[in-house]
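[1] structure, please.
(4 chains)
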2 protein chains.
Amino acid sequence: MQIRLLVVEDEQPIREMLKMVLSYQNMIIIEAETGNAALEILKTEPVDLMLLDWMLPDISGIEIAKRIKSNSNLSKIPVIMLTAKGEEDDKIRGLECGADDYVTKPFSPKELTARIKAVLRRVNPSKDDKEISFENIRLDPKSHAVTVSDQNVKLGPLEFKLLHFFLTHQNKVYSREQLLDNVWGTNVFVEERTVDVHIRRLRKAISVNGADQFIKTIRGAGYIFAS
Amino acid sequence: MQIRLLVVEDEQPIREMLKMVLSYQNMIIIEAETGNAALEILKTEPVDLMLLDWMLPDISGIEIAKRIKSNSNLSKIPVIMLTAKGEEDDKIRGLECGADDYVTKPFSPKELTARIKAVLRRVNPSKDDKEISFENIRLDPKSHAVTVSDQNVKLGPLEFKLLHFFLTHQNKVYSREQLLDNVWGTNVFVEERTVDVHIRRLRKAISVNGADQFIKTIRGAGYIFAS
DNA sequence: AAATACTGTAACAATTGTGTAACACGGGTA
DNA sequence: TACCCGTGTTACACAATTGTTACAGTATTT
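    This next block holds a predicted model:
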């Protein structure tokens, strides 16, 4: 899944650097130069995590963090503070503003991405790895195992994700575009017809004897998983 | 249950901070300003976990960690190193002295408590020093001995930890990242591909005649230990 | 029925992931 | 010092997965 990252930083070169580093990690970067701009963005854009500079031209980073954490709507957005070297001592005192982690400049790309991922992991503890079964199909996310009529079935990563998606989203038609968004991930550029091919592969894999019973084609609309 | 925490740190403000943060988490804080003081305390007080500053006036943190880890009485006390930013590179090596994790200053309270709990969870499962056996593999954490089909097998420290982790976490896929977190320790910056190499080494070590039966690759997801 | 639009399918190409060996490096030790 | 050991990194080969395309087939419209 793509991570949407709001970077609040007034110095343009640092923003550039962050953008390069983080987009390379397949994250979506939303930029804000000032605290007010950041607060505006938060009103409209979904954000998974904030990188917040300590020193900003208008509202200080710590003030923004406080406001976010006291806004019940936003309080669950994790915040990583960027602090310059030497400001450290103040920062230790400021820890109570609710930031989830700190990174001091200069930082290595590896460290930054590691911390981002660590924070997201800490905040977002494992969600759905519960076994799902439906008719003769059983799928266990933990072990990545799929059985059809108790026969082990080998699926490629995408087929696995696709089946998982269908099992958790039954009885609703999904267009090729929606499937691309949900299974492939947003902003990947693949032909819609590619979906057909993977549907075909998945159908083949979960069919009992040449006949798949569950994935139905809705001509002109997309596909639906139903019994 | 109350956790008894020994904090070894010479700077008073940081000790204060730690005390506030950690006692808020319902932990009992025992303080030591110097390495010698810490070693004295360890002789008499029961301690569940140590927070050890890297730089101390007398004995260095790494030296203390080593002594503890080589003292059979104390070696099971987990140690978290506190390192100042910039000393990092050397510190990464510090994990090899036996520390279970390290945290760089400045750190957020959340991060610190999360790490403490993680380490305790990782170390504590009382079965931690119970012998584990599975099929033809036997592993004794106490003596660090591993046998495969009753043949002694020599494993490096990391391979040992990796095997131990797999034996205690079977039938679930772990990504390279998760394995790094759980086996190498959080926030060590190591390439993910390094995991592959160690998997390879471990596979080789526990294979009976060229064939490893248990560590399976789940393409695109990670590795799983299962029969 | 013909034309059109949409989907199924196979074959191929491109991309990506993994296994593996070789090497580099640092710490400890003889 | 030189050597050994454990670890991390990298490059390359190979294998698996995925994307694209063309064509065949089927439904829908005119």
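
[2] what ranges do the strands span in chain A?
    Assignment of strands within chain A using DSSP state E yields the ranges A:3-8, A:27-32, A:49-53, A:79-84, A:101-105, A:132-134, A:137-140, A:145-148, A:151-153, A:173-174, A:215-218, A:222-225.

[3] in a markdown table: those strands, plus mean neighbour count, distance to B:Gly61 and mean pLDDT.
    For glycine as for every other residue, the C-beta is placed from the backbone atoms N, C-alpha and C. Compiled in a markdown table, the strands of chain A are given as follows (neighbours: other Cβ atoms under 10 Å in any protein chain shown; distance: least, Cβ to Cβ, whole Å; pLDDT from 0 to 100):
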| stretch | mean neighbour count | distance to B:Gly61 | mean pLDDT |
| --- | --- | --- | --- |
| strand A:3-8 | 21 | 35 | 87 |
| strand A:27-32 | 19 | 35 | 84 |
| strand A:49-53 | 24 | 31 | 87 |
| strand A:79-84 | 22 | 24 | 79 |
| strand A:101-105 | 21 | 20 | 71 |
| strand A:132-134 | 14 | 48 | 92 |
| strand A:137-140 | 19 | 44 | 95 |
| strand A:145-148 | 19 | 45 | 95 |
| strand A:151-153 | 12 | 50 | 93 |
| strand A:173-174 | 18 | 56 | 94 |
| strand A:215-218 | 14 | 59 | 95 |
| strand A:222-225 | 20 | 57 | 95 |
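
[4] between those strands, which one is nearest to DNA strand D?
    strand A:215-218 (9.4 Å; Cβ to the nearest atom of the strand).

[5] with DNA strand D in mind, check whether that closest one reaches it.
    No: Strand A:215-218 is not in contact with DNA strand D by Cβ under 7 Å from any atom of the strand; minimum separation 9.4 Å.

[6] does that strand reach DNA strand C?
    Yes: applying Cβ under 7 Å from any atom of the strand, one finds strand A:215-218 in contact with DNA strand C at A:Thr217, A:Ile218.

[7] can you list the strands of chain A in CSV and add distance to A:Asn182?
    Putting the strands of chain A into CSV (distance: least, Cβ to Cβ, whole Å) gives the following:
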stretch, distance to A:Asn182
strand A:3-8, 16
strand A:27-32, 16
strand A:49-53, 21
strand A:79-84, 28
strand A:101-105, 30
strand A:132-134, 16
strand A:137-140, 16
strand A:145-148, 19
strand A:151-153, 22
strand A:173-174, 7
strand A:215-218, 15
strand A:222-225, 12
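
[8] how about TSV for those strands, with distance to chain B added?
    What follows is the strands of chain A, written out as TSV (distance: least, Cβ to the nearest Cβ, whole Å):
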stretch	distance to chain B
strand A:3-8	14
strand A:27-32	15
strand A:49-53	13
strand A:79-84	8
strand A:101-105	5
strand A:132-134	16
strand A:137-140	9
strand A:145-148	9
strand A:151-153	12
strand A:173-174	22
strand A:215-218	21
strand A:222-225	22
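
[9] can you map out the helices along chain A?
    Taking DSSP state H, the helices of chain A run over residues A:12-24, A:35-44, A:61-70, A:88-93, A:109-123, A:157-168, A:176-179, A:193-206.

[10] domains for chain A, by residue range?
    Split into domains by automatic domain parsing, chain A comes to A:3-123, A:132-225.

[11] in terms of mean pLDDT, which of these ranks lowest?
    Sorting the domains of chain A by mean pLDDT places domain A:3-123 lowest, at a mean of 74.

[12] that one and DNA strand C in contact?
    No: counting by Cβ under 7 Å from any atom of the strand, DNA strand C has no neighbours in domain A:3-123; the shortest distance is 10.5 Å.

[13] among the strands of chain A, which is nearest B:Glu9?
    Ranking the strands of chain A by their distance to B:Glu9 (criterion: Cβ to Cβ) puts strand A:101-105 first, at 18.2 Å.

[14] most tightly surrounded among the domains of chain A?
    domain A:3-123 (a mean of 17; mean count of other Cβ atoms under 10 Å in any protein chain shown).

[15] re earlier: now distance to B:Ala37 too, for the domains of chain A, in JSON lines please.
    As requested, the domains of chain A are exported to JSON lines (distance: least, Cβ to Cβ, whole Å):
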{"stretch": "domain A:3-123", "distance to B:Ala37": "23"}
{"stretch": "domain A:132-225", "distance to B:Ala37": "46"}
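
[16] which among the ones you listed is found nearest to B:Glu63?
    Of all the domains of chain A, it is domain A:3-123 that lies closest to B:Glu63, at 25.6 Å by Cβ to Cβ.

[17] touching DNA strand D at all, that closest one?
    No: Domain A:3-123 lies out of reach of DNA strand D by Cβ under 7 Å from any atom of the strand, never closer than 8.3 Å.

[18] so how far is that domain off the chain centroid?
    17 Å (Cα atoms, centre = their mean, to the nearest Å).

[19] go on, stretch A:190-200?
    In terms of Cα atoms, centre = their mean, the centre of stretch A:190-200 is found 23 Å from the chain centre.
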